[in-house]
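Q: Return atomic coordinates for the entry below.
(one chain, ligands or ions: 1)
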Amino acid sequence: MMLEVHDIHTYYGESHALQGVTLNLKEGETVCLLGRNGAGKSTTLRSIIGLNSPRQGKVVFDGKEVTGWPAYRIARAGVGLVPEDRRIFPGLTVRENLEVGQYRRPGTTNPWTVERIFDQYPMLAELADQDGSTLSGGQQQMLAVARSLMSAPRLLLLDEPNEGLAPVIVKQIGQLIDDLSKTTTILFTDQSVHFALKHARRAYILEKGRVVHEASSEELIGDEAVQHRYLSV
Ligand code: ATP
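A: Next comes the predicted model:
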């Protein structure tokens, strides 16, 4: 397993946001975490990378227990997070935003350079010298994902990559995920089933801080009862 999350409980103050979440990802898998607003999707990703460390339970990445590690250390171990709000640095150009993300783990080579990102994603090359904050939502999302690649994550966590984006952009983000799936293990979150099922082989559904359902994409797409019960459809 690349990622094992064992029965984690995470709090915001006294508020018990995750009440025992368990999930696993094998190396090379692309998995979706589904659930309505407030179900605990973001908190799960934040718990994995150490932005909100679980108070109980374990997170094991690449066979090593990382529970309680600070986020920068988990990131350096090879986990990348693209947060829901994307966090593009205003006042920095697209190129500079990418450079800020650059990190090479000791003993590894990072296949990604700014130039390679520009080769692969010409849309970003065209925007290279533009202030990151002037980009459209979809362009910012592409940039946020590209920036996370600059640290060559082995596991990429994407928090609602489609939120607020037009359908044509959602399609591009889907292509980006498919493309990255070939080389990276990915866990992404979404509120509805359609995108998830196109781009992930299986999914976990969260409700009220618990995993309430786990299924392959094919199973879920045919299961309207589950979709109505737990998801925005
Ligand atoms: P969304 O689509 O809204 O991001 P989500 O499934 O990602 O939904 P979370 O953001 O993980 O859900 O929220 C899980 C629970 O934790 C919710 O009850 C939410 O109100 C609560 N919560 C999230 N962030 C905070 C915070 N900063 N302080 C207190 N409670 C929070």
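Q: which ones are touching the closest residue in space to Gly91 that isn't next to it in sequence?
A: Excluding the flanking residues, the one nearest Gly91 by Cβ to Cβ, 6 or more residues apart in numbering is Asp131, at 6.6 Å. Using the backbone N, CA and C atoms, a C-beta is placed for each residue, glycine as well. Residues near Asp131 by Cβ atoms under 8 Å, 6 or more residues apart in numbering: 90-93.
Q: now with 7 Å?
A: The contact partners of Asp131, by Cβ atoms under 7 Å, 6 or more residues apart in numbering, come to 90-91, 93.
Q: Kindly provide the distance from it to Arg210.
A: 42 Å (Cβ to Cβ, to the nearest Å).
Q: ok, now how distant is the closest residue to Phe195 other than its chain neighbours from the ligand?
A: Closest residue to Phe195 apart from its sequence neighbours, by Cβ to Cβ, 6+ apart: Asn162 at 5.9 Å. With distances taken as Cβ to the nearest ligand atom, to the nearest Å, Asn162 is found 11 Å from the ligand.
Q: per-residue pLDDT, Asn162?
A: What the model reports as pLDDT for Asn162 is 90.
Q: Also Val233?
A: So, for Val233, pLDDT stands at 65.
Q: just to revisit the earlier point, give me the element the residue nearest to Phe195 is part of.
A: Using DSSP states H and E, Asn162 maps to neither a helix nor a strand.
Q: how many other residues sit next to it?
A: 24 (other Cβ atoms under 10 Å).
Q: Pull the lengthiest helix in the chain out as CSV, backbone CA atoms only.
A: Using DSSP state H to assign secondary structure, the helix with the most residues in the chain is helix 167-181. Extracted C-alpha coordinates of helix 167-181, given in CSV (Å, rounded to 0.1, in the frame of the first residue of the first chain):
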residue,chain,number,x,y,z
PRO,A,167,-17.7,22.5,-17.9
VAL,A,168,-15.1,22.9,-20.7
ILE,A,169,-12.5,23.6,-18.0
VAL,A,170,-13.7,20.6,-16.0
LYS,A,171,-12.9,18.5,-19.0
GLN,A,172,-9.4,19.8,-19.1
ILE,A,173,-8.9,19.1,-15.5
GLY,A,174,-10.1,15.6,-16.1
GLN,A,175,-7.6,15.2,-18.9
LEU,A,176,-4.9,16.5,-16.6
ILE,A,177,-5.8,13.9,-13.9
ASP,A,178,-5.9,11.1,-16.5
ASP,A,179,-2.5,12.2,-17.7
LEU,A,180,-1.0,12.4,-14.2
SER,A,181,-2.5,9.1,-13.2
